[in-house]
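Asks: Dropping the sequence and predicted coords here.
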Amino acid sequence: MQIRIEDYAIIGNCETAALVGRNGSIDWLCWPRFDSEACFTALLDSSECGRWLVAPTAPDAKVMRRYRPDTLVLETQFVTDTGAATVIDFMPMRGEHRHLIRLVKGDRGCISFATELVIRFGYGAIVPWVTRMEDHSLRAIAGPDKLVLRTPVNLRGENFKTRGEFTIEEAQTVAFVLSYVRSHLPDPPAIEPTEALRETEQYWHEWASKARLSGPWVEAQKRSLITLKALTYAPTGGLVAAVTTSLPEQLRGSRNWDYRFCWLRDATFTLLALMNSGFHDEAGAWRDWLLRAAAGRPEQMQIMYGVAGERRLTEIELPWLAGYERSRPVRIGNDAHRQLQLDIYGELTDTLHQARMGGIALEESGWALQLAVLSHLEKHWREPDHGIWEVRNKPQHFTYSKVMAWVAFDRAIKSARRFGLAGPVDRWCKLREEIHAEICSRAFNAELGSFVSSYGSKEVDASLLLVPAVGFLPPIDSRICGTIALIERELMRNGLVRRYDTEHIEDGLPAGEGYFLACSFWLVDAYVLLGRYDDAKRLFDHLLTLRNDVGLLSEEYDPVSDRFLGNFPQAFSHLALVNSAANISRLQKPAEQRSAS
């Protein structure tokens with residue numbers, strides 16, 4: 001039986017990640033990096049896809065789990081009538097090779113365990129050739145990929161699966177070490193699993209100790225920051241939106257997208273969350289990734305890239321996978337990378353400006369690229385685009401896209417003046433005024449007393465909550481107050497905010513989806529800017545209750561079924577949590593930081 005999205009936890013090594021279920025099964029894993037072809041894919045199919053189960057044979061075992069404090073080391077304790085044992089799952093952070101380690105530790109009494117390993121490369125399509133080695137280890141090879149499993153447990157092959165049983169007693173530990181290497185290379189050398197555990201814990205403790213947090217939600221922020229670190233591809237500094245693909249925004253629906261890429265829309269949120277929390281190295285690495293990815297002709301800038309800045313993210317469907325709870329199609333790649341979204345130019349410019357303000361980079365860093373981007377935007381800001389929500393129908397004049405075009409010139413003006421950088425400031429000032437005037441004229445509906453999602457529309461969308469945060473208008477402006485009030489009336493249900501009403505805004509897809517969690521955090525931020533602190537705290541505390549038992553959030557949530565929806569864990573949700581907590585509890589607030597600097 002397929003378990004729920006919220007029943008998973010993440011482990012990783014900042015190059016790849018695995019999702020571990022409450023039932024002791026690892027159902028998602030891409031080797032050797034986030035966007036590689038998976039060898040564990042049971043998350044997207046309940047048939048013979050790859051998975052790795054280590055769990056008691058007793059069907060009624062009670063389960064408790066947690067992360068070891070300030071780490072990405074997961075402990076899942078199973079309690080039966082005969083005893084208790086804990087499965088410790090982690091990926092070592094250091095070393096030449098990549099390993100996934102599972103330690104089964106006896107806590108009391110005696111428990112019978114079973115293990116079943118199903119390796120399927122190529123998103124469940126390729127069965128590898130498995131051989132047993134002289135040291136009793138197993139080797140699985142298919143094409144360019146090779147896995148080596150080392151364990152003292154006696155294993156056997158059955159129906160293209162690897163199975164075994166063992167008994168664990170108090171104070172005993174049984175280890176499983178699964179190692180990855182390219183198939184043409186020698187097998188990875190054996191490692192000592194308990195020493196690897198000690199080193200991994202030490203790594204995470206040292207990293208988490210750099211956090212500079214305050215307020216009543218420090219632990220929630222820290223867990224989100226550790227999750228964001230796990231979503232970071234260490235070799236390049238890129239931050240993936242999630243480690244999964246095609247987890248649905250509506251169960252058994254078709255809104256199923258690949259999120260294992262890096263979005264420019266996340267750029268400023270990411271920089272501020274990391275920089276303001278004390279993680280300057282990670283913030284600098286993200287800024288450097290951004291500059292490399294965006295480098296080139298401005299008209300060729302994309303809304304998203306691969307973890308190393310790859311641009312060809314061709315979307316294809318995998319018909320042999322049934323999808324999570326039969327949500328189809330299963331997609332890899334993302335055709336939205338071809339879209340025009342004008343907001344990314346503002347995101348780039350804002351991120352570079354905030355990096356200068358925070359001392360993350362030299363003042364002139366990225367300025368030449370920024371000048372080229374602004375020259376391009378000057379010619380094209382009047383064009384319609386597909387917007388921040390990546391609608392899959394005809395382009396429109398989206399309000400948020402135009403606001404971010406305004407942000408691009410506003411931040412360039414501020415950088416030029418504050419840091420003495422050369423540029424056509426007078427012309428930028430005129431453009432900034434022109435864009436501002438057009439938005440106020442064409443995107444504001446006087447009858448509704450609100451800005452609307454696009455020119456001429458009568459609908460609102462949640463991106464409008466960001467208009468005061470970026471400094472376009474003061475929060476106390478009646479037009480901002482009216483917009484927030486209309487969003488509360490039209491998009492807020494069950495204490496949460498939808499992106500937009502899919503019944504009334506045509507986006508080229510069947511209607512229906514969950515509540516996009518980042519949008520509810522944006523309302524928290526808007527409340528803070530309006531001085532509605534009680535409302536902000538009330539909504540923020542409610543959002544914290546939606547996290548799963550180990551503090552993780554997905555992209556969306558369905559309050560009717562009390563289910564997570566969308567890809568998991570979602571960077572956008574955790575970035576929003578970190579920034580909203582800072583907005584409520586700090587004198588220096590990220591929401592004010594963007595608009596005032």
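Replies: That came through, no problem.
Asks: And what about Ser365, helix, strand or coil?
Replies: Secondary structure assignment for Ser365 (DSSP: H, G, I helix; E, B strand; the rest coil): coil.
Asks: Neighbours of it, how many?
Replies: Look at Ser365: counted by other C-beta atoms under 10 Å, it has 17 neighbours. For every residue, glycine as well, the C-beta is placed using N, CA and C.
Asks: the strands in the stretch 101-250 of the chain, which residues?
Replies: Counting by DSSP state E, counting those that start in this stretch, the stretch 101-250 of the chain has these strands, from start to end: 129-132, 138-142, 145-150, 155-158, 161-169, 173-182, 232-233, 238-239.
Asks: now those as JSON lines including mean neighbour count, distance to Arg328 and mean pLDDT?
Replies: Output for the strands of the stretch 101-250 of the chain, formatted as JSON lines (neighbours: other C-beta atoms under 10 Å; distance: least, C-beta to C-beta, whole Å; pLDDT from 0 to 100):
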{"stretch": "strand 129-132", "mean neighbour count": "13", "distance to Arg328": "30", "mean pLDDT": "94"}
{"stretch": "strand 138-142", "mean neighbour count": "19", "distance to Arg328": "25", "mean pLDDT": "96"}
{"stretch": "strand 145-150", "mean neighbour count": "22", "distance to Arg328": "26", "mean pLDDT": "97"}
{"stretch": "strand 155-158", "mean neighbour count": "13", "distance to Arg328": "30", "mean pLDDT": "92"}
{"stretch": "strand 161-169", "mean neighbour count": "17", "distance to Arg328": "25", "mean pLDDT": "96"}
{"stretch": "strand 173-182", "mean neighbour count": "20", "distance to Arg328": "29", "mean pLDDT": "97"}
{"stretch": "strand 232-233", "mean neighbour count": "24", "distance to Arg328": "28", "mean pLDDT": "98"}
{"stretch": "strand 238-239", "mean neighbour count": "26", "distance to Arg328": "28", "mean pLDDT": "98"}
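Asks: out of those, nearest to Ile505?
Replies: strand 238-239 (28.4 Å; C-beta to C-beta).
Asks: and Pro329, how many residues sit next to it?
Replies: Pro329 has 14 neighbours, counted by other C-beta under 10 Å.
Asks: Now it: closest residue in space, sequence neighbours ignored.
Replies: In this structure, Pro329 finds its nearest non-sequential neighbour in Glu317, 4.2 Å apart by C-beta to C-beta, 6 or more residues apart in numbering.
Asks: quick one, phi/psi of the one you found?
Replies: Here is the backbone geometry of Glu317 (degrees, to the nearest 10): phi -110, psi 150.
Asks: Distance of it relative to Lys379?
Replies: Between Glu317 and Lys379 the distance is 36 Å, computed by C-beta to C-beta, to the nearest Å.
Asks: Compare these two and say which one has the larger neighbour count.
Replies: It is Glu317, of Glu317 and Lys379, that has more neighbours when counted by other C-beta under 10 Å, with 14 against 10.
Asks: The more buried one and Val330, how far apart?
Replies: Note on Glu317: its distance to Val330, by C-beta to C-beta, is 7 Å.
Asks: Mind checking the strands of the stretch 101-250 of the chain for the one nearest to Gly12?
Replies: Closest to Gly12 of the strands of the stretch 101-250 of the chain is strand 232-233 (C-beta to C-beta; 9.3 Å).
Asks: mind listing what that closest one pairs with, with the direction of each?
Replies: The strands that strand 232-233 pairs with in its sheet are strand 238-239 (antiparallel) (by DSSP bridges).
Asks: got a list of contacts for the partner strand?
Replies: Outside strand 238-239, the residues that touch it by C-beta atoms under 8 Å, 6 or more residues apart in numbering are 228, 231-233, 262, 266, 270, 286, 289, 293, 305-309, 571.
Asks: give me that answer again for 7 Å
Replies: If you take C-beta atoms under 7 Å, 6 or more residues apart in numbering as the criterion, strand 238-239 is touched by Leu228, Leu231, Thr232, Cys262, Asp266, Thr270, Trp286, Trp289, Val307, Ala308, Ala571.
Asks: Kind regards, and thank you for your time.
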